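Enquirer: I'd like to go over a predicted model; first the sequence, then the structure.
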Amino acid sequence: MNGLKTKNKMGKREKEHRKRVAARNQKIKGAQRTYEKLYNEQMKKYLEDLRERVSTGTTEENTGFVMSGQ
């Protein structure tokens, strides 16, 4: 080679594979956004409930909110 970049020649299989991988990744990102939104909504509800309890003096720990990973 004389120092020039060679073109990346992708065959039909490689193009189809990239398309499938891109679709899979997009689906995963969509699911992550959905779960993140749900988590944030639940956390917001929990914190509002906790603030209300603190202001009223009720401090029972039966919240019903479960955080994953703990």
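Expert: Arrived safely.

Enquirer: how many residues are close by E36?
Expert: E36 has 10 neighbouring residues, counting by other Cβ atoms under 10 Å. Any C-beta I mention is one placed from the backbone N, CA and C, and that applies to glycine too.

Enquirer: on the three-state scheme, it is what?
Expert: At E36 the chain is in helix, as set by DSSP: H, G, I helix; E, B strand; the rest coil.

Enquirer: make 260 the first number, not 1, from now on.
Expert: Sounds good: first residue 260 from here, last item E295.

Enquirer: and the residue most central in space within the chain, which helix or strand is it part of?
Expert: What sits nearest the mean C-alpha location of the chain, by Cα atoms, centre = their mean, is Q291, with 2.1 Å. Using DSSP states H and E, Q291 sits in helix 271-315.

Enquirer: for K268, same thing?
Expert: Going by DSSP H and E, K268 is not part of any helix or strand.

Enquirer: that one: how many residues sit nearby?
Expert: 6.

Enquirer: that older thread, by contact count, what packs against the helix holding Q291?
Expert: Based on contacts counted as 3 or more Cβ pairs under 8 Å, 6 or more residues apart in numbering; DSSP states H and E, there is no element that helix 271-315 packs against.

Enquirer: low pLDDT regions in this protein?
Expert: Residue ranges of the chain with pLDDT under 70: 260-266, 317-329.

Enquirer: what does stretch 273-289 contact?
Expert: Stretch 273-289 has contacts (Cβ atoms under 8 Å, 6 or more residues apart in numbering) with M269.

Enquirer: so how far is it off the chain centroid?
Expert: 16 Å (Cα atoms, centre = their mean, to the nearest Å).

Enquirer: for K268, phi and psi?
Expert: Here is the backbone geometry of K268 (degrees, to the nearest 10): phi -90, psi 110.

Enquirer: gap between it and K278?
Expert: According to Cβ to Cβ, to the nearest Å, K268 and K278 sit 17 Å apart.

Enquirer: likewise for I287?
Expert: In terms of Cβ to Cβ, I287 sits 15 Å off from K278.

Enquirer: equivalent analysis for T315, please.
Expert: T315 is 56 Å from K278, by Cβ to Cβ.
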